[in-house]
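>>> Need a 3D model of the sequence below.
(one chain, ligands or ions: 1)
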Amino acid sequence: MLIVDTDLEELNDDAFALHFLLASGRVPDLVTTIFGNTTPQRSAALGRQNFPVPVSPGAAVPLDWTHDRASALRAAVEALPRGAYVAGLAADGPLFAASRHDMGPASADIAGRLSGDRAATVLALGPLTNVAEACRGTAPGSLARHDLLFCGGSLETGNMTAFSEFNAFADAEAVNVALAGNWRSVTVVPLDVTATVDFGEPEIERLAASGSAFGKAVAAAYTGRSLMWDVVAAVLYLRPDVIRQSRTLRLKALTEPPHFGRLVPAEPPVPEVTVITDVDAGAVREIFVRAFEEATDEH
Ligand SMILES: [Ca+2]
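Next up, the predicted model:
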(Lines give C-alpha, C1' and ligand atoms only; values in the text may rest on other atoms or scores of the structure.)
Protein backbone atom coordinates (compact mmCIF):
# COMPACT_ATOMS: atom_id res chain seq x y z
CA MET A 1 0.00 0.00 0.00
CA LEU A 2 1.21 3.49 -0.84
CA ILE A 3 0.09 6.58 1.07
CA VAL A 4 1.36 9.92 -0.26
CA ASP A 5 1.19 12.94 2.03
CA THR A 6 1.70 16.13 0.06
CA ASP A 7 1.52 19.92 -0.13
CA LEU A 8 0.52 19.67 -3.76
CA GLU A 9 0.25 22.71 -6.01
CA GLU A 10 -0.90 22.71 -9.62
CA LEU A 11 2.45 22.00 -11.29
CA ASN A 12 4.94 21.97 -8.43
CA ASP A 13 7.36 19.18 -7.54
CA ASP A 14 4.67 17.35 -5.53
CA ALA A 15 2.46 17.34 -8.63
CA PHE A 16 5.39 16.06 -10.71
CA ALA A 17 5.92 13.28 -8.17
CA LEU A 18 2.25 12.22 -8.22
CA HIS A 19 2.04 12.33 -12.02
CA PHE A 20 5.24 10.27 -12.15
CA LEU A 21 3.84 7.61 -9.81
CA LEU A 22 0.64 7.32 -11.84
CA ALA A 23 2.52 7.27 -15.15
CA SER A 24 4.61 4.45 -13.68
CA GLY A 25 1.47 2.50 -12.87
CA ARG A 26 1.90 2.99 -9.11
CA VAL A 27 -1.42 4.53 -8.11
CA PRO A 28 -1.38 5.65 -4.47
CA ASP A 29 -4.03 4.01 -2.26
CA LEU A 30 -4.49 7.29 -0.41
CA VAL A 31 -3.32 10.86 -0.90
CA THR A 32 -3.41 13.17 2.11
CA THR A 33 -2.71 16.88 2.06
CA ILE A 34 -0.86 19.20 4.38
CA PHE A 35 -0.13 22.92 4.75
CA GLY A 36 3.18 24.15 3.33
CA ASN A 37 3.19 25.25 -0.28
CA THR A 38 -0.50 26.16 0.03
CA THR A 39 -3.50 25.15 2.18
CA PRO A 40 -4.48 21.50 2.67
CA GLN A 41 -7.90 22.37 1.24
CA ARG A 42 -6.44 23.72 -2.00
CA SER A 43 -4.06 20.76 -2.29
CA ALA A 44 -6.99 18.37 -1.76
CA ALA A 45 -9.08 20.12 -4.42
CA LEU A 46 -6.19 19.89 -6.90
CA GLY A 47 -5.64 16.25 -5.95
CA ARG A 48 -9.26 15.33 -6.59
CA GLN A 49 -9.24 17.26 -9.85
CA ASN A 50 -6.08 15.72 -11.25
CA PHE A 51 -5.68 12.21 -9.81
CA PRO A 52 -8.06 9.22 -9.67
CA VAL A 53 -7.26 8.45 -6.03
CA PRO A 54 -8.94 8.97 -2.64
CA VAL A 55 -7.82 12.36 -1.29
CA SER A 56 -8.09 13.36 2.36
CA PRO A 57 -7.28 16.89 3.56
CA GLY A 58 -5.09 17.24 6.62
CA ALA A 59 -3.56 19.71 9.02
CA ALA A 60 -3.64 23.44 8.30
CA VAL A 61 -1.13 24.18 11.08
CA PRO A 62 1.83 22.41 12.76
CA LEU A 63 1.54 19.91 15.60
CA ASP A 64 0.74 21.30 19.07
CA TRP A 65 0.04 24.77 17.64
CA THR A 66 0.20 27.06 20.66
CA HIS A 67 0.31 30.84 20.68
CA ASP A 68 3.99 30.78 21.67
CA ARG A 69 4.89 28.30 18.93
CA ALA A 70 3.02 30.31 16.33
CA SER A 71 4.77 33.51 17.44
CA ALA A 72 8.19 31.86 17.32
CA LEU A 73 7.61 30.47 13.83
CA ARG A 74 6.22 33.77 12.58
CA ALA A 75 9.30 35.58 13.92
CA ALA A 76 11.55 33.03 12.18
CA VAL A 77 9.65 33.52 8.91
CA GLU A 78 9.89 37.29 9.21
CA ALA A 79 13.65 37.01 9.83
CA LEU A 80 14.22 35.19 6.52
CA PRO A 81 15.95 37.11 3.75
CA ARG A 82 13.71 39.15 1.46
CA GLY A 83 12.54 37.05 -1.46
CA ALA A 84 12.88 33.73 0.41
CA TYR A 85 10.37 31.08 -0.71
CA VAL A 86 7.82 31.00 2.11
CA ALA A 87 4.66 30.13 0.12
CA GLY A 88 1.94 29.07 2.58
CA LEU A 89 4.14 30.00 5.55
CA ALA A 90 4.07 33.74 4.76
CA ALA A 91 3.53 35.86 7.86
CA ASP A 92 0.34 37.28 6.29
CA GLY A 93 -0.62 33.98 4.64
CA PRO A 94 -3.06 31.14 5.40
CA LEU A 95 -0.97 29.36 8.04
CA PHE A 96 -1.11 32.18 10.57
CA ALA A 97 -4.80 32.75 9.84
CA ALA A 98 -5.64 29.08 10.51
CA SER A 99 -6.53 27.50 13.83
CA ARG A 100 -5.17 24.44 15.59
CA HIS A 101 -8.61 22.90 15.15
CA ASP A 102 -8.17 22.85 11.35
CA MET A 103 -6.68 19.37 11.28
CA GLY A 104 -8.88 17.58 8.72
CA PRO A 105 -9.44 13.81 8.55
CA ALA A 106 -6.06 12.94 6.97
CA SER A 107 -4.18 11.81 10.07
CA ALA A 108 -7.06 9.58 11.19
CA ASP A 109 -7.28 8.15 7.68
CA ILE A 110 -3.54 7.41 7.65
CA ALA A 111 -3.72 5.88 11.14
CA GLY A 112 -6.66 3.73 10.06
CA ARG A 113 -4.70 2.37 7.11
CA LEU A 114 -1.58 1.79 9.23
CA SER A 115 -3.61 -0.05 11.86
CA GLY A 116 -4.77 -2.52 9.22
CA ASP A 117 -2.98 -5.66 8.05
CA ARG A 118 -1.50 -4.45 4.75
CA ALA A 119 2.09 -3.24 4.82
CA ALA A 120 2.33 0.38 3.72
CA THR A 121 4.88 2.93 2.66
CA VAL A 122 4.13 6.50 3.67
CA LEU A 123 5.79 8.81 1.16
CA ALA A 124 5.83 12.19 2.91
CA LEU A 125 6.41 15.14 0.56
CA GLY A 126 5.48 18.02 2.87
CA PRO A 127 5.64 19.02 6.53
CA LEU A 128 5.22 15.88 8.69
CA THR A 129 2.25 17.03 10.80
CA ASN A 130 -0.27 14.51 9.44
CA VAL A 131 2.25 11.69 9.70
CA ALA A 132 3.17 12.62 13.27
CA GLU A 133 -0.51 12.78 14.25
CA ALA A 134 -1.02 9.41 12.58
CA CYS A 135 1.88 7.93 14.59
CA ARG A 136 0.12 9.03 17.76
CA GLY A 137 -3.16 7.55 16.56
CA THR A 138 -1.94 4.20 15.23
CA ALA A 139 -2.53 1.03 17.23
CA PRO A 140 0.53 0.14 19.36
CA GLY A 141 3.04 -1.95 17.44
CA SER A 142 1.35 -1.39 14.08
CA LEU A 143 4.00 1.01 12.76
CA ALA A 144 6.53 -1.84 12.79
CA ARG A 145 4.90 -3.21 9.63
CA HIS A 146 5.31 0.03 7.68
CA ASP A 147 7.99 2.18 6.07
CA LEU A 148 8.31 5.96 6.15
CA LEU A 149 10.04 7.76 3.30
CA PHE A 150 10.42 11.46 4.11
CA CYS A 151 11.50 14.01 1.54
CA GLY A 152 12.87 16.84 3.64
CA GLY A 153 15.26 17.97 6.30
CA SER A 154 18.91 18.59 5.61
CA LEU A 155 22.31 17.80 7.07
CA GLU A 156 24.49 20.58 5.70
CA THR A 157 22.40 22.86 3.53
CA GLY A 158 19.24 24.90 3.85
CA ASN A 159 16.64 26.62 1.74
CA MET A 160 14.97 28.57 4.57
CA THR A 161 17.77 29.40 6.96
CA ALA A 162 21.33 28.36 6.11
CA PHE A 163 20.64 24.98 7.75
CA SER A 164 16.88 24.46 7.56
CA GLU A 165 14.86 22.80 4.82
CA PHE A 166 11.29 23.98 4.14
CA ASN A 167 9.30 20.89 5.28
CA ALA A 168 11.33 20.45 8.47
CA PHE A 169 11.31 24.20 9.18
CA ALA A 170 7.52 24.25 8.87
CA ASP A 171 7.00 21.65 11.60
CA ALA A 172 10.15 20.57 13.42
CA GLU A 173 8.23 18.91 16.27
CA ALA A 174 6.44 16.70 13.76
CA VAL A 175 9.81 15.58 12.35
CA ASN A 176 10.83 14.41 15.80
CA VAL A 177 7.56 12.58 16.48
CA ALA A 178 7.56 10.91 13.06
CA LEU A 179 11.24 9.91 13.17
CA ALA A 180 10.82 8.50 16.69
CA GLY A 181 8.02 6.17 15.54
CA ASN A 182 8.64 2.44 15.72
CA TRP A 183 8.55 2.06 11.90
CA ARG A 184 9.93 -0.95 10.09
CA SER A 185 12.22 1.53 8.35
CA VAL A 186 12.62 5.27 8.02
CA THR A 187 14.40 6.75 5.02
CA VAL A 188 15.15 10.46 4.83
CA VAL A 189 15.82 12.06 1.46
CA PRO A 190 17.25 15.40 2.57
CA LEU A 191 17.61 18.67 0.71
CA ASP A 192 21.35 17.96 0.40
CA VAL A 193 20.35 15.27 -2.12
CA THR A 194 17.12 16.58 -3.65
CA ALA A 195 18.93 19.82 -4.54
CA THR A 196 21.39 17.90 -6.71
CA VAL A 197 18.82 16.85 -9.33
CA ASP A 198 17.37 19.35 -11.77
CA PHE A 199 15.66 19.21 -15.14
CA GLY A 200 15.74 21.51 -18.14
CA GLU A 201 15.13 21.80 -21.86
CA PRO A 202 16.17 18.27 -22.91
CA GLU A 203 13.71 16.76 -20.43
CA ILE A 204 10.99 19.29 -21.28
CA GLU A 205 11.28 18.50 -24.97
CA ARG A 206 10.88 14.79 -24.29
CA LEU A 207 7.95 15.35 -21.91
CA ALA A 208 6.21 17.51 -24.52
CA ALA A 209 6.84 14.90 -27.19
CA SER A 210 5.54 12.08 -24.97
CA GLY A 211 1.99 13.09 -25.85
CA SER A 212 0.93 13.09 -22.21
CA ALA A 213 -1.35 15.87 -20.99
CA PHE A 214 1.05 16.41 -18.10
CA GLY A 215 4.04 16.70 -20.43
CA LYS A 216 2.29 19.31 -22.54
CA ALA A 217 1.23 21.31 -19.47
CA VAL A 218 4.77 21.24 -18.06
CA ALA A 219 6.25 22.34 -21.39
CA ALA A 220 3.77 25.21 -21.64
CA ALA A 221 4.62 26.39 -18.12
CA TYR A 222 8.40 25.91 -18.40
CA THR A 223 10.45 28.97 -17.48
CA GLY A 224 13.94 27.54 -17.01
CA ARG A 225 15.95 24.86 -15.25
CA SER A 226 14.44 23.80 -11.96
CA LEU A 227 15.17 21.40 -9.12
CA MET A 228 13.11 18.23 -8.83
CA TRP A 229 12.96 17.91 -4.99
CA ASP A 230 10.00 15.62 -4.22
CA VAL A 231 10.39 13.82 -7.55
CA VAL A 232 13.70 12.44 -6.29
CA ALA A 233 11.94 10.71 -3.38
CA ALA A 234 9.18 9.36 -5.63
CA VAL A 235 11.72 7.95 -8.09
CA LEU A 236 13.75 6.49 -5.25
CA TYR A 237 10.60 4.81 -3.86
CA LEU A 238 10.11 2.91 -7.13
CA ARG A 239 13.76 2.57 -8.04
CA PRO A 240 16.08 2.33 -5.00
CA ASP A 241 18.88 1.46 -7.44
CA VAL A 242 19.32 5.23 -8.05
CA ILE A 243 20.82 5.48 -4.53
CA ARG A 244 24.59 5.84 -4.66
CA GLN A 245 25.29 6.39 -1.00
CA SER A 246 23.46 6.43 2.31
CA ARG A 247 24.26 6.68 6.00
CA THR A 248 22.64 5.22 9.09
CA LEU A 249 22.14 7.95 11.67
CA ARG A 250 20.09 8.96 14.68
CA LEU A 251 18.68 12.40 14.00
CA LYS A 252 16.48 15.01 15.58
CA ALA A 253 15.21 18.32 14.30
CA LEU A 254 15.98 21.51 16.22
CA THR A 255 12.74 22.97 17.55
CA GLU A 256 14.13 26.32 18.67
CA PRO A 257 14.79 29.39 16.52
CA PRO A 258 16.45 30.38 14.35
CA HIS A 259 17.23 27.08 12.60
CA PHE A 260 13.86 25.36 12.99
CA GLY A 261 14.07 21.89 11.54
CA ARG A 262 17.84 21.65 11.20
CA LEU A 263 18.72 17.96 11.54
CA VAL A 264 21.38 17.23 14.14
CA PRO A 265 22.73 14.01 15.69
CA ALA A 266 20.57 12.41 18.38
CA GLU A 267 21.13 9.73 21.02
CA PRO A 268 19.20 6.53 21.72
CA PRO A 269 16.33 5.85 22.23
CA VAL A 270 15.84 7.88 19.03
CA PRO A 271 15.83 5.11 16.39
CA GLU A 272 18.31 4.89 13.55
CA VAL A 273 17.18 6.10 10.15
CA THR A 274 18.68 5.74 6.69
CA VAL A 275 19.71 9.09 5.24
CA ILE A 276 20.30 9.17 1.52
CA THR A 277 23.48 11.14 0.82
CA ASP A 278 23.93 10.68 -2.93
CA VAL A 279 21.79 9.62 -5.88
CA ASP A 280 22.50 9.14 -9.58
CA ALA A 281 20.98 12.40 -10.86
CA GLY A 282 21.10 11.36 -14.51
CA ALA A 283 19.28 8.11 -13.72
CA VAL A 284 16.61 9.96 -11.72
CA ARG A 285 15.97 12.33 -14.66
CA GLU A 286 15.88 9.44 -17.13
CA ILE A 287 13.49 7.30 -15.05
CA PHE A 288 11.20 10.30 -14.54
CA VAL A 289 10.98 11.25 -18.22
CA ARG A 290 10.78 7.68 -19.48
CA ALA A 291 7.74 7.00 -17.26
CA PHE A 292 5.76 9.46 -19.38
CA GLU A 293 7.23 8.25 -22.68
CA GLU A 294 6.25 4.69 -21.86
CA ALA A 295 2.92 5.33 -20.13
CA THR A 296 -0.02 3.63 -21.78
CA ASP A 297 -2.83 5.77 -20.32
CA GLU A 298 -3.39 9.51 -20.62
CA HIS A 299 -0.40 10.24 -18.35
CA1 LIG B 1 6.28 19.08 -1.16
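>>> which ones are touching the spatially closest residue to A72 that is not a sequence neighbour?
Among residues not flanking A72 along the chain, P257 sits closest, at 5.6 Å (C-beta to C-beta, 6 or more residues apart in numbering). Glycine gets a C-beta too; all of them are placed from N, C-alpha and C. By C-beta atoms under 8 Å, 6 or more residues apart in numbering, the contact list for P257 reads A72, A75, A76, A79.
>>> and what of G93?
V86, A87.
>>> Distance check, it against R74.
Distance, G93 to R74, using C-beta to C-beta, to the nearest Å: 10 Å.
>>> what about the residue lying closest to F96 once chain neighbours are set aside, which helix or strand?
Nearest non-adjacent residue to F96, counting by C-beta to C-beta, 6+ apart: R74, 5.9 Å away. Per DSSP states H and E, R74 falls inside helix 67-78.
>>> what does A234 give?
helix 230-238.
>>> Output the contacting helices and strands for that helix.
helix 13-23, strand 121-124, strand 147-151, strand 185-189, helix 191-194, strand 273-279, helix 281-294 (3 or more C-beta pairs under 8 Å, 6 or more residues apart in numbering; DSSP states H and E).
>>> relative orientation of the first one and strand 147-151 in degrees?
Taking axes from the mean of the first three to the mean of the last three C-alpha atoms, to 10 degrees, one finds that helix 13-23 is oriented at 140 degrees with respect to strand 147-151.
>>> repeat for the fourth one
Strand 185-189 and strand 147-151 are oriented at 10 degrees to each other (the same axes, to 10 degrees).
>>> Next, the angle helix 230-238 makes with strand 185-189.
150 degrees.
>>> Show me what strand 185-189 is in contact with.
147-153, 178-179, 232-233, 236, 246, 251, 263, 271, 273-276.
>>> List buried residues within the residues you listed.
With burial judged by 16 or more other C-beta atoms under 10 Å, the buried subset of the contacts of strand 185-189 is 147-153, 178-179, 232-233, 236, 246, 251, 263, 273-276.
>>> Considering only these, which also neighbour the ion?
Among the buried ones among the contacts of strand 185-189, not one lies near the ion by C-beta under 5 Å from the ion.
>>> Pull up the residues of the stretch 51-200 of the chain that are close to the ion.
Residues of the stretch 51-200 of the chain lying close to the ion by C-beta under 5 Å from the ion are L125, G126.
>>> shaky segments in the stretch 51-200 of the chain?
Within the stretch 51-200 of the chain, no range satisfies pLDDT under 70.
>>> 90 instead, please
Along the stretch 51-200 of the chain, the parts satisfying pLDDT under 90 run over 64, 82-83, 99-103, 139-140.
>>> which residues of it fall in helices?
67-78, 94-97, 106-114, 129-137, 166-170, 172-179, 191-194 (DSSP state H, counting those that start in this stretch).
>>> what about those helices, which gets the closest to P57?
Ranking these by proximity to P57 (C-beta to C-beta) places helix 106-114 first, at 6.0 Å.
>>> Flag every buried residue along that closest one.
Buried residues in helix 106-114 (16+ other C-beta under 10 Å): A106, S107, A108, D109, I110, A111, R113, L114.
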